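*Asks:* Got a predicted model here, sequence first, then my questions.
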Amino acid sequence: MRIYYSSKFASEYKKLLKSIKILAEEKERIFRQDPFDSRLNTHKLHGRLKEYWAFSVGSKYRIIFEFAESDIIWFHSIGDHSVYQ
């Protein structure tokens, strides 16, 4: 699996607190092993984001991503629930 990061994701990631960055990196390691691991709470999005998925980074933060091809995933956004807007 190859994960690519959009420029929006990179910009949002830079602004996170260090503790959230560490947690996000731990969750990414789990994601690389199994994107549907129960610890991630991976879920399909609805509405205008219906082509995307998200997984939890702690109780407040989410990473929005898409399965682009069989082995390629794009991380598009990271943040609290405002990333859905």
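*Replies:* Thanks, I have the structure now. Residues are numbered from 1 along each chain as shown.
*Asks:* for the chain, which helix is longest?
*Replies:* helix 18-33 (DSSP state H).
*Asks:* residues in contact with that one?
*Replies:* Residues external to helix 18-33 that are found in contact with it (CB atoms under 8 Å, 6 or more residues apart in numbering): 1, 3, 13, 16, 37, 39-40, 55-58, 61, 63, 78. Backbone N, C-alpha and C define where each C-beta goes, glycine included.
*Asks:* Which PyMOL command selects the buried ones in these?
*Replies:* Restricted to buried positions by 16 or more other CB atoms under 10 Å, the PyMOL selection for these reads:
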select buried, resi 13+16+40+55+56+57+61+63+78
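*Asks:* Which ones among the contacts of helix 18-33 map onto strands?
*Replies:* Members of those lying in strands (criterion: DSSP state E): I3, F55, S56, V57, Y61, I63, I78.
*Asks:* ok, now which ones touch the last one?
*Replies:* Residues touching I78, when contacts are defined by CB under 8 Å, 6+ apart, comprise F9, E12, Y13, L16, A24, V57, Y61, R62, I63, I64.
*Asks:* quick one on the thing from earlier: from the chain's centre, how far out does the helix or strand following the longest helix of the chain sit?
*Replies:* Going down the chain from helix 18-33, the next helix or strand is strand 43-44, by DSSP states H and E. On the basis of CA atoms, centre = their mean, to the nearest Å, strand 43-44 sits 11 Å off its chain's mean C-alpha point.
*Asks:* same for strand 43-44, what does it pack against?
*Replies:* strand 53-57 (3 or more CB pairs under 8 Å, 6 or more residues apart in numbering; DSSP states H and E).
*Asks:* Who are the packing partners of the strand it packs on?
*Replies:* Going by 3+ CB pairs under 8 Å, 6+ apart, strand 53-57 lies up against helix 18-33, strand 43-44, strand 61-69.
*Asks:* Not including adjacent chain positions, what is the nearest residue to F9?
*Replies:* Closest residue to F9 apart from its sequence neighbours, by CB to CB, 6 or more residues apart in numbering: F75 at 4.8 Å.
*Asks:* Touching, the one you found and I63? I think so.
*Replies:* Yes - look at F75 against I63 with CB atoms under 8 Å: they come within range, at 5.7 Å.
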